[in-house]
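> Here's a sequence, model it:
(4 chains)
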2 protein chains.
Amino acid sequence: MRLTTKGRFAVTAMVDLALRGGDGPVTLAGISERQRISLSYLEQLFGKLRRHALVESVRGPGGGYCLAKDMHTVSVADIIRAVDEPIDATQCGGRENCHDDHRCMTHDLWTKLNDKIYEYLASVTLGDLVESQHVKNIAVLQDKREAAQTPAGKSAAYI
Amino acid sequence: MRLTTKGRFAVTAMVDLALRGGDGPVTLAGISERQRISLSYLEQLFGKLRRHALVESVRGPGGGYCLAKDMHTVSVADIIRAVDEPIDATQCGGRENCHDDHRCMTHDLWTKLNDKIYEYLASVTLGDLVESQHVKNIAVLQDKREAAQTPAGKSAAYI
DNA sequence: CTTTACTCGACTAAAACAATCGGGTATTAT
DNA sequence: ATAATACCCGATTGTTTTAGTCGAGTAAAG
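Sure thing, here's the model as predicted:
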C-alpha cells in the first residue's frame, strides 16, 4: 500500500462527490474549485477511479461523475488502490539486498506492517468519512450559535 | 512516519549488529558484506543512528559499532525515526489544499492511520526480530536434517 | 453546430531518494 | 614514528517518482 498525496487527493475528491451525489452528476470543475485540486489532475485521477468501477461518468452538458456503488461499501483502501496502482508490498520479494540465509530477515516485519495499514484503510468507508464530516458541520453550526449567544466580540472558547 | 528503503536498510543493519554484538564491536565492512549494503551508505546511516544514541562507535583497528542499549528496549520505530528524520505526519497541517470549512476533511483519517503505523512499529523491538531470526535458523537446520534423512535426490516437500 | 464536460496519452518540472566521493580524525600495532 | 584500520562528515551526483500540464479528441445536450 503506497501512501502519497495522489491517494489523499482521490479520497478527498471522493468525499466531495459523496457529499453532493444526491442531485445528479458532479462536475470535476466543481470539485476542482471546492477542493483546490487542478482540473487536469482530477481528470487523471477520475479516469482511474472509473476504470476501477468506483465512479460512473455522464458526458455532455449536465454531465459529471456519480458514485458507482453505495458509499458504505467503498473503503478508503479501494480508492487508494485505484489511483496508486502498484500495491508495493514489502519490496523484499527477491531483491538483491536479500541473500543467503539472511534473506528477508525483516521480511515478516514489513509484511505485517502492510497488513496493519491495509486492515485499517479497509475498515474505513466513504460513508464513514461523509458522516464524520456531517458531525463536524453540525459542530461548526453549534459553535456559531454559541458564539452568537456569547457577549459581543469575545469568544468563550479560550477562557 | 516515512517508510523508505533507507529505514529498511537501517533495521536490517541493526538486526545484523544485534546478532553479533556479543563479541566486541562489529565493523560496517562486515555488515556491508553480509547484508549487501554499500559501505558508504552504511556510514551515512550509522552516523544518524549514533547521533540518536542507538549505537556507540569504537574507532581504530578492532573498532566498529555496538548497540548502545539493550536490544529489547529499542523499537523499530526508534530506528526508522533516527534515519528518516522528518516524521511527516498527515501533510495536512496548513497546506494549500485544505481550505474553508472543507479544511482537512480527511485529516482525522490520516492522523489515525499514522498512529496505527507508529503503534505497530513501536511494538516491535530489535530483540523480537533477533529472536524470530533464531527461530528461523533452527527451522533451517531442522529442514536440512530432515532432507538428509530423505532418500537420495528427491525432496519430500513437493509430493 | 456550438457548448459542455468527459477521455486519453504524452510530456515536463521539481522534489525526493539512493548512493557515491573525497578528504578528514582517532586508535592500535609494528 | 608511521602504517593500517575504521569511523566521521559534508558535498555532490544520478535516478526515480511524483505532481501537474498540455493538447487533441469524443459524446451528448440544447
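> Residue numbers of chain A in contact with DNA strand D?
Within chain A, the positions adjacent to DNA strand D are A:2, A:4-6, A:9, A:37-38, A:40-41, A:43-44, A:59-63 by C-beta under 7 Å from any atom of the strand. From N, CA and C alone the C-beta is placed, and that goes for glycine too.
> Between all of those residues, which two are separated the most?
Greatest spatial distance among the residues of chain A next to DNA strand D (C-beta to C-beta): A:R2 and A:P61, at 36.7 Å.
> out of those two, which sits in the more crowded spot?
A:R2 (15 against 5; other C-beta atoms under 10 Å in any protein chain shown).
> distance between the ends of stretch A:117-134?
Using C-alpha to C-alpha, to the nearest Å, the end-to-end distance of stretch A:117-134 comes to 26 Å.
> Okay, now the unreliable bits of chain A?
A:1, A:85-104, A:136-137, A:139-159 (pLDDT under 70).
> Where do the strands of it begin and end?
A:55-58, A:64-67 (DSSP state E).
> Report the distance from the first one to the chain centre.
A distance of 17 Å separates the centroid of the chain from that of strand A:55-58, by C-alpha atoms, centre = their mean, to the nearest Å.
> list the buried ones in it?
Within strand A:55-58, the residues scored as buried using 16 or more other C-beta atoms under 10 Å in any protein chain shown are A:V55.
> Then stretch A:3-16?
Using 16+ other C-beta under 10 Å as the test for burial, stretch A:3-16 gives A:L3, A:K6, A:G7, A:R8, A:F9, A:A10, A:V11, A:T12, A:A13, A:M14, A:V15, A:D16.
> Let me have these in JSON lines, extended by distance to B:Y118.
Listed next are the buried residues of stretch A:3-16 as JSON lines, based on distance: C-beta to C-beta, whole Å:
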{"residue": "A:L3", "distance to B:Y118": "13"}
{"residue": "A:K6", "distance to B:Y118": "22"}
{"residue": "A:G7", "distance to B:Y118": "19"}
{"residue": "A:R8", "distance to B:Y118": "18"}
{"residue": "A:F9", "distance to B:Y118": "23"}
{"residue": "A:A10", "distance to B:Y118": "24"}
{"residue": "A:V11", "distance to B:Y118": "20"}
{"residue": "A:T12", "distance to B:Y118": "23"}
{"residue": "A:A13", "distance to B:Y118": "27"}
{"residue": "A:M14", "distance to B:Y118": "26"}
{"residue": "A:V15", "distance to B:Y118": "24"}
{"residue": "A:D16", "distance to B:Y118": "29"}
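> Tell me the one of those nearest A:L67?
For those, the closest approach to A:L67 (C-beta to C-beta) belongs to A:M14, at 7.8 Å.
> and that closest one, what is it in contact with?
A:L49, A:L54, A:V55, A:L67, A:V74, A:I79, A:L126 (C-beta atoms under 8 Å, 6 or more residues apart in numbering or on different chains).
> would you turn those into TSV with distance to A:Y118?
Listed next are the contacts of A:M14 as TSV, based on distance: C-beta to C-beta, whole Å:
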residue	distance to A:Y118
A:L49	19
A:L54	17
A:V55	22
A:L67	22
A:V74	15
A:I79	13
A:L126	17
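> tell me, how many neighbours does A:C66 end up with?
So A:C66, with other C-beta under 10 Å, has 15 neighbours.
> Kindly apply the preceding question to A:G22 instead.
Residues near A:G22, counting by other C-beta under 10 Å, number 7.
> ok, now which ones touch the closest residue to A:P25 other than its chain neighbours?
If the residues on either side of it in the chain are set aside, A:P25 comes closest to A:G64, at 3.1 Å by C-beta to C-beta, 6 or more residues apart in numbering or on different chains. Going by C-beta under 8 Å, 6+ apart, A:G64 touches A:G24, A:P25, A:V26, A:T27, A:L28, A:G30, A:S57, A:V58.
> State the distance from A:G64 to chain B.
18 Å (C-beta to the nearest C-beta, to the nearest Å).
> what's the answer for A:R36, then?
Relative to chain B, and taking C-beta to the nearest C-beta, A:R36 is found at 5 Å.
> Compute the distance between that residue and DNA strand C, please.
Separation of A:R36 from DNA strand C (C-beta to the nearest atom of the strand, to the nearest Å): 16 Å.
> what does A:A122 give?
To DNA strand C, A:A122 is 24 Å away according to C-beta to the nearest atom of the strand.
> That residue: neighbour count?
A:A122, neighbours per other C-beta under 10 Å, totals 14.
> pretty sure it contacts A:I79?
No - assessed by C-beta atoms under 8 Å, A:A122 is found out of contact with A:I79, at 10.8 Å.
> quick one on the thing from earlier: of all the buried residues of stretch A:3-16, which comes closest to DNA strand D?
Relative to DNA strand D, the closest of the buried residues of stretch A:3-16 is A:K6; by C-beta to the nearest atom of the strand it sits at 3.4 Å.
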